[in-house]
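In: next come a sequence and a model predicted from it.
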Amino acid sequence: MERRRAIAIGMGAGVLWAVAVLTVGAIWVRLPVFALMPTIMTAFLAPGLVMAAMVGRLAQRRFFDDAIIDGGPLTGAAEIDRRVLVNTTEQLVLAICIWPAAAVMLGEYGPGVIVTLGVAFALARVAFWAGYHLAPPLRAFGFAASFYPTVLVALWALWEVAT
């Protein structure tokens, strides 16, 4: 039961993070709408750099471990890194599908929100990575903090279009 409680706390903190990220992006990060395409591309730079670090770390683990250097099954910390990379890939694909459209649909708020989403995503993925290595339930915050902002910005964008 303690694991579920820790996970629930992490998920709740992730929801609060998501609301804070969208609020900061909408209110305090003001960028020109005319530069939307470069802004969208720039928003994915920080997540891409974190993902590159994950790929590099996994490659380093393979290089220095005789049991996995030739493509053997991963175990221990290398397996955790693989899981983190897979989940990050899944979430980044989701973000690529949602953020650009949301940036357009949110009008004047779009550029600031999408850049803030990118930075927040990178930070949340590092938290997920570290949390997973420390204790699996601690990964809940990092997961939620990168997943829920994408879901909330999608709902916000749909709301803007519907109203």
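Out: Right, received. Where do you want to start?
In: and the least confident helix or strand in the chain by mean pLDDT, what other elements does it pack with?
Out: When each helix and strand of the chain is scored by mean pLDDT, DSSP states H and E, helix 36-43 comes last, with a mean of 88. With contacts taken as 3 or more CB pairs under 8 Å, 6 or more residues apart in numbering; DSSP states H and E, helix 36-43 sits against helix 76-105, helix 110-134. (Each C-beta comes from the backbone N, C-alpha and C, glycine too.)
In: and after it, which helix or strand comes next?
Out: helix 45-63 (DSSP states H and E).
In: got a pLDDT number for the most far-flung residue of the chain relative to its centre?
Out: No residue in the chain has its C-alpha farther from the mean C-alpha position than D66, which lies at 31.8 Å (CA atoms, centre = their mean). D66 carries a pLDDT score of 85 in this model.
In: now do the contacts for it.
Out: With contact set as CB atoms under 8 Å, 6 or more residues apart in numbering, D66 has no partners.
In: where are the low-confidence patches of this structure?
Out: For the chain, residues meeting the criterion pLDDT under 70 lie at 1.
In: go again using 80 as the cut-off
Out: Within the chain, the ranges that satisfy pLDDT under 80 run 1, 31-35.
In: how close does V161 get to A6?
Out: 38 Å (CB to CB, to the nearest Å).
In: of these two, which one has the most company?
Out: A6 (16 against 11; other CB atoms under 10 Å).
In: could you find the closest non-adjacent residue to the more buried one?
Out: Excluding the flanking residues, the one nearest A6 by CB to CB, 6 or more residues apart in numbering is P137, at 4.0 Å.
In: correct me, but that neighbour touches G10?
Out: Yes: counting by CB atoms under 8 Å, G10 is a contact partner of P137 at 7.0 Å.
In: more crowded one of those two?
Out: Set P137 next to G10 and count neighbours by other CB under 10 Å: G10 wins out with 21 against 18.
In: who's in contact with that one?
Out: G131, P137, L138, R139, A140, F141, G142, F143, A144.
In: quick check: which element contains the last one?
Out: Taking DSSP H and E as the criterion, the element that holds A144 is helix 139-162.
In: how far out from the middle of the chain is that helix?
Out: A distance of 10 Å separates the centroid of the chain from that of helix 139-162, by CA atoms, centre = their mean, to the nearest Å.
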